[in-house]
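Chemist: Provided below are the primary sequence and the corresponding predicted coordinates.
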Number of protein chains: 2
Amino acid sequence: MSDAAQNPKVLLERIESLLQTASYDQLSIELANARPSDIAEVIEVIDEISRQLIFSSLDAKDAGEVLDKVDDATLGEVIEDLTNEKITDIVATMPPDEAADVVAELDDLQTEEVLEHIADEESDQIEALLKYGEDTAGGIMTSDLVQVKMSETISGAITQIRNADPDDAYFHVFVVDDGGKLKGTVGLITLIRNNPDTMVSDVLEEDIPAVDVSADQEEIANTFRKYDLMVMPVVDKAGCLLGRITIDDVVDVMEEEAEEDVLLMAGTHPNELDTHKAYEVAKVRLPWLMTCLIGSMVSSLILLYFRDSFSSIAEFTTVMVFIPAIAAMGGNSGLQTATIVVRGLATGDLAGMEIGQIYIRESRVALIVALICGLVSGCLVSIILSMHTNGHSENLHVGLMGLSVASSMFIAIMLATSLGILLPFMFKRIGVDPAISSGPLVTTANDIVSNLTYILLTLCLFRQFLS
Amino acid sequence: MSDAAQNPKVLLERIESLLQTASYDQLSIELANARPSDIAEVIEVIDEISRQLIFSSLDAKDAGEVLDKVDDATLGEVIEDLTNEKITDIVATMPPDEAADVVAELDDLQTEEVLEHIADEESDQIEALLKYGEDTAGGIMTSDLVQVKMSETISGAITQIRNADPDDAYFHVFVVDDGGKLKGTVGLITLIRNNPDTMVSDVLEEDIPAVDVSADQEEIANTFRKYDLMVMPVVDKAGCLLGRITIDDVVDVMEEEAEEDVLLMAGTHPNELDTHKAYEVAKVRLPWLMTCLIGSMVSSLILLYFRDSFSSIAEFTTVMVFIPAIAAMGGNSGLQTATIVVRGLATGDLAGMEIGQIYIRESRVALIVALICGLVSGCLVSIILSMHTNGHSENLHVGLMGLSVASSMFIAIMLATSLGILLPFMFKRIGVDPAISSGPLVTTANDIVSNLTYILLTLCLFRQFLS
């Protein structure tokens, strides 16, 4: 295990030295002995020419397993290098669900040519899978499975398993009625432990939830996790068995969904993982940064607008130096709340809780946090200004500034917390991924709101007490 | 499936109405028919008295399954409610790994009393599991498994499976030599497909990586995902079989690790999920906010310090209004880079890549982003100031401010990107979770650096051209 983690690096070095000395026979042997996942990692980081040499040294089956393992960006690049004949050979060796993922990367003409040269049964399966959305049950299921009739005995089921591909019945066989409607599943362990003459219908597990072919993958992942499932049958609207989703597909989905949330929260997008080209990554990140830039310029305009409302410009500068603190604290406490709510919505942990309950819990936390941060910041401001009373400030001034920063900080944290609770639910309602509510868009909105609160409050306090 | 997702809410309503009418017999029936995962979700949100009534209506086995499913905060609360006798009854029904998680929540005296009343074999297993760190292979493995000797035939292995608990051999049997050393695994499908007289040693899969009992759970999760594993044997230093980790345990680990990263990035800590009490959540969040507050006060001190270095205070205010923009843009672009690097390190995707390669990729992206953001912000600043030239600014001033903001923005984005690449690696090296490099700590550090860059650069430009 510990050496499994280092494998790709060692493998990379070995492959590079074999390529340098043009020892292609040796390379083929090295690759045949390596795990496809490790070869995939090497392919992801190596240069284009080496990649082509590696692929020409792999047999079709190994190449298929490697393609299933590489990231989307590399998959696209590898496919561009390969001839249609080579792609056809590789796809023919892959299970239908993995084959469909590769074929989905081809253009229409290539797809037609590749599918034409593959056995009819397999190409029909691939075409059927291609029709489903990538993020739905249909998009992640495989149609390879062992299905037995209700009237079958265990020994009949075992014969069917022996005649099928070993991968088709990894955990379970699926039981259907004469019309193809799903009735339940039987685990391999049940087949082994029971008498061969037992009827399949007597050992049927009817409890495993089936999923509609159009269901969203995030919902599927949450159901797998919640019920500790290993496999889930996929059915059409009429309840007929179409395929199965196994837990290893779901592991990839879970990783993808967590990744998507994190990237959206950081103000970028999973699309940036589909490419290795710097300008395409920049194209994904720039819209967020530009929105943020425009938002922060609005902050600047607000500050400029209020500059002359203060009785002296010296007074204004004293107010200004605490802008970064107010904005940062509002932003960070809003981010904490939004993150808890966003992840709760994504993993379904808040499903049983009403928005009201969450609001009460988070408001209590916010109240404590806002009170303490307000008090501490008020004290810090008073201390800092007392040390810097170089003619610009006096005692009343110092006191007022402390009061002003303390109360603005309190209000900014309370407002940011409210936004942190409400926005994720609002985004979810209108069909936008709630994760963007912890992203720079909302942080920028928070900045504007906190700055405005602070300036207005200070202005009121100063006008009240200093005029 | 679609109705499975709504189940907990419906169940909650039904249970609440049964409790209101004190229909406890009806409640027992309702609970016996519900899935433990759904009951767990109800337990997590319902009030304390209802929770106690629900637990007294559950039989020990169901109660154990519910306890395995509730979150850590609720588990602690439920255990406080239960008597030692009830806990003992429940723990006795649970598999050793799940039982150990419950026993870990008890104090020393309770642990002793509970373990005393449980069958020796089971309590020994639980005690052995309790010794391992919670986040290690030993902490997540179960010691229940079917192990067969190399000299066994398939029919012998099948007999052993029939005599064991059905949960013990869900996927595989483990094959050991006479000294208990792990030799490999055999899948149930292999047992079914091969002749009963075949020797186990002939169908052995030796390829499944074994993991040391002290290995970290994040490393284990990455290996599972990378090689699409279903099960992993756990061994001691001598290679002797101690237990097994199955993919459903790993799914929980993956969720936990992703959650931990997200929470650390948001400036809080997974500990806040262990409690429902507002002041304890606040106690987790406040240290981050306080550090951030002190950091932003350092920004304020810097601004105060440089106030008198400018030739006029009016000039200073013009400089000040663009502080939020510089800080926000530096912070956000640093966050984007840090997030990519942090997630890459967590999922092992960057394992094959050297820091140099990542630096080149991200620097290219940063260069494009910084150039564009610099140019756009320079133009925006010039436009905004031209509209606001109310005596404070003139043409040369406007031009210089544009130049100054543009170049500071460029430098701030490049610096923040460098920090975003270097800090995660640095934190990992010193054994701190890299996820905190996208948290408020580093955003605050970024703020200070960007503000300082901006002020110093502007001061230099102004002194050069305006004096």
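Modeler: Cool, got the structure. Residues are numbered from 1 along each chain as shown, chains lettered A, B, ... in the order given.
Chemist: Look up phi and psi at residue A:187.
Modeler: Backbone dihedrals for residue A:187, given as degrees, to the nearest 10, come out at phi -70, psi 150.
Chemist: is it true that it touches residue A:205?
Modeler: Yes. Under the criterion of CB atoms under 8 Å, residue A:187 makes contact with residue A:205 at 7.0 Å. All C-beta spots, glycine's among them, are computed from the backbone N, C-alpha and C.
Chemist: who has more neighbours, those two?
Modeler: Between residue A:187 and residue A:205, counted using other CB atoms under 10 Å in any protein chain shown, residue A:187 has the larger neighbour count: 20 against 12.
Chemist: Would you enumerate the residues in contact with the residue in the stretch 51-200 of chain A that chain B sits nearest to?
Modeler: Of all residues in the stretch 51-200 of chain A, the one sitting closest to chain B is residue A:188 (4.2 Å; CB to the nearest CB). When contacts are counted by CB atoms under 8 Å, 6 or more residues apart in numbering or on different chains, residue A:188 touches A:161, A:169, A:171, A:172, A:173, B:188, B:189, B:192.
Chemist: Can you flag which of those belong to helices?
Modeler: Judged by DSSP state H, the subset of the contacts of residue A:188 located in helices is A:161, B:188, B:189, B:192.
Chemist: can you tell me which two in those residues are farthest apart?
Modeler: A:161 and B:188 (10.2 Å; CB to CB).
Chemist: re earlier: so which of the ones in helices among the contacts of residue A:188 comes closest to residue B:359?
Modeler: residue B:189 (46.3 Å).
Chemist: Can you name the residues that contact the closest residue to that closest one other than its chain neighbours?
Modeler: Of all residues not flanking residue B:189 in the chain, residue A:166 sits nearest, at 5.5 Å (CB to CB, 6 or more residues apart in numbering or on different chains). Neighbouring residues of residue A:166 by CB under 8 Å, 6+ apart: B:189, B:190, B:193.
Chemist: Is it possible to get JSON lines of the residues you listed that adds pLDDT?
Modeler: Rendered in JSON lines, the data for those read as follows (pLDDT from 0 to 100):
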{"residue": "B:189", "pLDDT": "89"}
{"residue": "B:190", "pLDDT": "90"}
{"residue": "B:193", "pLDDT": "89"}
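Chemist: Export the residues you listed to TSV and append columns for neighbour count.
Modeler: Formatted as TSV, the contacts of residue A:166 follow (neighbours: other CB atoms under 10 Å in any protein chain shown):
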residue	neighbour count
B:189	20
B:190	19
B:193	18
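Chemist: So which of the residues you listed is the closest to residue A:272?
Modeler: residue B:189 (39.7 Å).
Chemist: thinking that closest one is in contact with residue A:158, fair?
Modeler: No. Assessed by CB under 8 Å, residue B:189 is found out of contact with residue A:158, at 10.7 Å.
Chemist: now the end-to-end length of stretch A:388-397.
Modeler: Using CA to CA, to the nearest Å, the end-to-end distance of stretch A:388-397 comes out at 12 Å.
Chemist: what about residue A:249, how many neighbours?
Modeler: Neighbours of residue A:249 (other CB under 10 Å): 23.
Chemist: Distance of it relative to residue A:183?
Modeler: 23 Å (CB to CB, to the nearest Å).
Chemist: okay, now the residue in the stretch 351-467 of chain A that chain B sits nearest to: neighbour count?
Modeler: The minimum distance from the stretch 351-467 of chain A to chain B, using CB to the nearest CB, falls at residue A:364 (3.5 Å). Residues within reach of residue A:364, counting by other CB under 10 Å, total 15.
Chemist: Strands of chain A, residue ranges please.
Modeler: A:147-149, A:172-176, A:182-187, A:211-212, A:231-235, A:241-246 (DSSP state E).
Chemist: For the fifth one, name the packing helices and strands.
Modeler: By that I understand strand A:231-235. With contacts taken as 3 or more CB pairs under 8 Å, 6 or more residues apart in numbering or on different chains; DSSP states H and E, strand A:231-235 sits against strand A:182-187, strand A:211-212, helix A:217-226, strand A:241-246.
Chemist: what's the angle from it to strand A:241-246?
Modeler: Strand A:231-235 and strand A:241-246 are oriented at 150 degrees to each other (axes from the mean of the first three to the mean of the last three CA atoms, to 10 degrees).
Chemist: before we move on, the earlier item: between the strands of chain A, which one is closest to residue A:59.
Modeler: strand A:241-246 (25.5 Å).
Chemist: Just the CA trace of the closest one, in CSV.
Modeler: Extracted in CSV, the C-alpha atoms of strand A:241-246 (Å, rounded to 0.1, in the frame of the first residue of the first chain):
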residue,chain,number,x,y,z
LEU,A,241,-34.9,-3.0,-15.4
LEU,A,242,-32.5,-1.0,-17.6
GLY,A,243,-29.2,-1.3,-15.8
ARG,A,244,-27.3,-1.1,-12.5
ILE,A,245,-25.2,1.4,-10.7
THR,A,246,-22.5,0.0,-8.5
